[in-house]
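just to be clear, the model below is a prediction. Sequence and coordinates:
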Amino acid sequence: MRSVHSLPTFSFSSWMFLCVALFASFMALACSDDGQTNTPMADSEVGNNGEEQSTNSGETPVEPKKVTTRSVSATNIALYWEVEASWDETVSLVVERKLSGQDTYVEVARTAATSGKFLDLALASQTGYGYRLKSCRGENCSSAVEIGETPTLPSVLPGFEITHKFQGESNDELFVFNVMNWVDAEFYAVMMAINRNGTVVWSLQDLPGGQVFETQPMSDGSFAVTTGESLAIFDQDATELYRYSEDNVHHDIDELSDGNLIYLTWYSATDSNNLPLLADKIHILNPSTNEIVWEWLAEDHIYTGDFCEFCILTTYKDYGHDWTHSNAIHFDEEQSAIYLNVRNLNRIYKIGYPSGKIEWIMGDGGDFGEGLWSHSHDPLFYEDGHFLLFDNGYHRPDGTNWSRVISVAYDETAKQASIDWEYREIPDFLTIGYGSARFTEHGVMVCDGANSRLFETSTEGEMLWEMTFESNIYTVYKANVLPRSFFENWGSSTVKK
């Protein structure tokens, strides 16, 4: 393996990190000038200084009520409770757990009582767990509420092996990804999050709608996914929050700051000879109204005479011949621009928003960057003038086929682009489809999806960690890196419906 030179230092931080501050305070009793002790004031009573005060800080909160549990998957159980009107941000909910057949409870979490829910992580499949909950304000706690045992579900997760153990000091980063099963391609719908030790911290299974492809983490802690041919949003407890089935959504979904969703969808176009073509649209959807608020069609901006001579021979369903096969979008709201990765043409388009006009084309036949990659996936724009790219390397001009991960530095004013970092193995590996690369605290996590493995490399090209599925019938499209707190803080903010 080799590297052109080291990547710029990058430390992953999740923009979805939720923080809940838990604190306790006590009401002090003040003595009057005549030596008499003043009695505490009622909630929202105005004190001697004329300011509104509350005595809730020293009171024991009421115990949790209407507590229920639900088996989410083979690795997770969700707990729910009714949020009391008297609870505020000073009240925490203490969750204690015991194994089936045991009497001893162990505290596993303290979460915000006002969240009304908690997700227990990294459990064993088909195992019963009992829970006990109490609400606390500082050291003042209610009586505990015991809940009967809840078993986790039987596992349908794929077996895997850590084939290269991480030798450094690990952290709380999790690798989160979809899993596809080509024997049961239509119905197998699994998502999972693992740590470097190989522990499955979180998973969803048997999701309605069929095979899961894209798994996009959302700002509220949910996931936007492509399932079957629909766009759906699932909460971490497998609750379906939203579904849109009017488009054949594929490959990539991103959340915008206004709550809208941008995604890719297929449609059928025609070339000058009336040959039907599988083409791409970009849609921006308002999920509150189910309205498409912006649309961009490939045939309005890309010459249909540009195509991959090999890919065009393939047809997909009733759409036509595989023309553009776009697989990634990135909306830069500061620049009011959309970056579109068109796999079959080996190009990235910068599209002005909302005009839809092409500002430049990088890649083969474009304005700059000729011959840098072939049939790539998932560009990650990580700082001004740089992006990380999984270069699948299929249909290279010299007839060879091999994959790698590259970083590209570009100057859109000077119209120049070059590879400034590369990870390539000896001997080479090849992933014809799928693939992604994400920064970690230690280097770069790579999804070598078609070869049924994930691995982590340092920026110097040293293998740091590797996971391989036990059977090659399991594949992964794309993987993300998230902090464990993404799951630990579930429920700490209101989930958008």
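Perfect, thanks for sending it. Numbering: from 1, shown residues only.

can you tell me the strand partners of the helix or strand residue 66 falls within and which way each runs?
Applying DSSP states H and E as the criterion places residue 66 in strand 65-71. Sheet pairing here is set by DSSP bridges, and for strand 65-71 it gives strand 77-82 (antiparallel).

downstream of the partner strand, the next helix or strand is which one?
Remark: after strand 77-82, the chain's next helix or strand is strand 91-99, criterion DSSP H and E.

give me the contact list for that following strand.
Under the contact criterion CB atoms under 8 Å, 6 or more residues apart in numbering, strand 91-99 has outside partners 22, 61, 64, 79, 81, 104-115, 118, 120, 127-137, 141, 144. C-beta here means a position set from N, CA and C on the backbone, and glycine is covered the same way.

sitting in strands, which of these do you find?
Within these, membership in strands is found for 79, 81, 106-112, 118, 120, 128-137, 141, as judged by DSSP state E.

show me what contacts the most centrally placed residue in the chain?
The centre of the chain sits closest to residue 217, judged by CA atoms, centre = their mean, with a distance of 2.9 Å. Shown in contact with residue 217 (CB under 8 Å, 6+ apart): 16, 176, 223, 480, 482, 486.

nearest to residue 412 among those?
Relative to residue 412, the closest of these is residue 480; by CB to CB it sits at 26.9 Å.

I'd like to know how far the closest one sits from residue 440.
11 Å (CB to CB, to the nearest Å).

what's the weakest-modelled helix or strand in this protein?
Within the chain, no helix or strand scores below strand 45-46, which has a mean of 28 by mean pLDDT, DSSP states H and E.

and the contacts of stretch 346-357?
Contacts for stretch 346-357 (CB under 8 Å, 6+ apart): 282, 294, 296, 300-302, 331, 336-342, 358-366, 369, 373-376, 379, 412.

can you pull out the low-pLDDT segments for the stretch 1-150 of the chain?
1-57 (pLDDT under 70).

dump the contacts of residue 217 into JSON lines; add distance to residue 463, neighbour count and secondary structure as well.
Formatted as JSON lines, the contacts of residue 217 follow (distance: CB to CB, whole Å; neighbours: other CB atoms under 10 Å; DSSP: H, G, I helix; E, B strand; the rest coil):
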{"residue": "16", "distance to residue 463": "29", "neighbour count": "18", "secondary structure": "coil"}
{"residue": "176", "distance to residue 463": "21", "neighbour count": "23", "secondary structure": "strand"}
{"residue": "223", "distance to residue 463": "29", "neighbour count": "23", "secondary structure": "strand"}
{"residue": "480", "distance to residue 463": "20", "neighbour count": "19", "secondary structure": "strand"}
{"residue": "482", "distance to residue 463": "22", "neighbour count": "20", "secondary structure": "strand"}
{"residue": "486", "distance to residue 463": "26", "neighbour count": "21", "secondary structure": "helix"}
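
can you tell me which of the residues you listed is nearest residue 390?
For the contacts of residue 217, the nearest to residue 390 is residue 480 (13.4 Å; CB to CB).

any idea of the pLDDT on the residue nearest to the closest one when sequence neighbours are not counted?
Nearest residue to residue 480, sequence neighbours excluded (CB to CB, 6 or more residues apart in numbering): residue 176, at 4.8 Å. pLDDT recorded at residue 176 is 98.

OK, contacts around residue 176?
Residue 176 makes contacts with 191-193, 202, 215, 217, 479-482, as judged by CB under 8 Å, 6+ apart.

ok, which stretches of this protein are helices?
For the chain, the helices identified by DSSP state H occupy 485-488, in order along the chain.

for the residue nearest to the centre of the chain, give the beta-bridge partners.
Applying DSSP bridges to residue 217 gives these bridge partners: residue 223.

pLDDT wise, what is it at?
On pLDDT, residue 217 comes in at 97.

residue 400 - how many residues pack around it?
When neighbours are counted by other CB atoms under 10 Å, residue 400 registers 12.

tell me how far it lies from residue 374.
Plainly put, residue 400 is 10 Å away from residue 374 if you go by CB to CB.

try residue 170
Applying CB to CB, the value for residue 170 to residue 374 is 34 Å.

between those two, who's got more neighbours?
With neighbours defined as other CB under 10 Å, residue 170 and residue 374 compare such that residue 374 has more, 22 against 13.

doesn't residue 398 make contact with that one?
No: taking contacts as CB atoms under 8 Å, residue 374 lies outside contact range of residue 398: 9.9 Å.

show me the shaky parts of the stretch 251-400 of the chain.
Low-confidence segments of the stretch 251-400 of the chain (pLDDT under 70): none present.

what ranges does it have for its strands?
261-270, 276-286, 291-297, 315-316, 320-322, 326-332, 337-342, 347-352, 358-363, 377-383, 386-391 (DSSP state E, counting those that start in this stretch).

output these in CSV; the columns should cover distance to residue 181.
Shown next, in CSV, are the strands of the stretch 251-400 of the chain (distance: least, CB to CB, whole Å):
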stretch, distance to residue 181
strand 261-270, 23
strand 276-286, 25
strand 291-297, 32
strand 315-316, 21
strand 320-322, 24
strand 326-332, 21
strand 337-342, 26
strand 347-352, 31
strand 358-363, 33
strand 377-383, 20
strand 386-391, 22
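
which residues do residue 480 and residue 440 both contact?
Overlap of the contact sets of residue 480 and residue 440 (by CB under 8 Å, 6+ apart) is empty.

the nearest residue to residue 481 once chain neighbours are set aside bridge partners, please.
Once flanking residues are discounted, residue 481 sits nearest to residue 438: 4.6 Å by CB to CB, 6+ apart. Beta-bridge partners of residue 438, counted by DSSP bridges, are residue 445.

give the contact list for residue 438.
Applying CB under 8 Å, 6+ apart, the residues near residue 438 are 12, 380, 388, 444-445, 479-481.

do residue 324 as well
278-280, 298, 302, 342-345.

same thing with residue 391?
With CB under 8 Å, 6+ apart, residue 391 has these contacts: 372-374, 376, 403-406.

identify, from the residues you listed, the entry nearest to residue 274.
Using CB to CB, residue 374 comes nearest to residue 274 of the contacts of residue 391, at 29.3 Å.

give me the neighbour count for residue 191.
When counting by other CB under 10 Å, one arrives at 22 neighbours for residue 191.

again with residue 268
Neighbours of residue 268 under the rule other CB under 10 Å: 15.

can you check residue 313 too?
For residue 313, the count of nearby residues is 10 (other CB under 10 Å).

just residue 434 next, same as before
For residue 434, the neighbour count with other CB under 10 Å is 23.

do the same with the one 5 residues further on
Other residues near residue 439 number 19, with proximity taken as other CB under 10 Å.

likewise for residue 295?
Residue 295, neighbours per other CB under 10 Å, totals 12.

sorry, back to before: between residue 400 and residue 374, which contacts overlap?
Jointly contacting residue 400 and residue 374 under the rule CB under 8 Å, 6+ apart are residue 393.

and the spatially closest residue to residue 265 that is not a sequence neighbour, how close does it get to residue 297?
Nearest residue to residue 265, sequence neighbours excluded (CB to CB, 6+ apart): residue 247, at 4.1 Å. In this view, residue 247 and residue 297 are 13 Å apart by CB to CB.

distance between the ends of stretch 467-485?
Distance between the two ends of stretch 467-485: 22 Å, counting by CA to CA, to the nearest Å.

and for stretch 324-343?
One end of stretch 324-343 to the other measures 7 Å (CA to CA).
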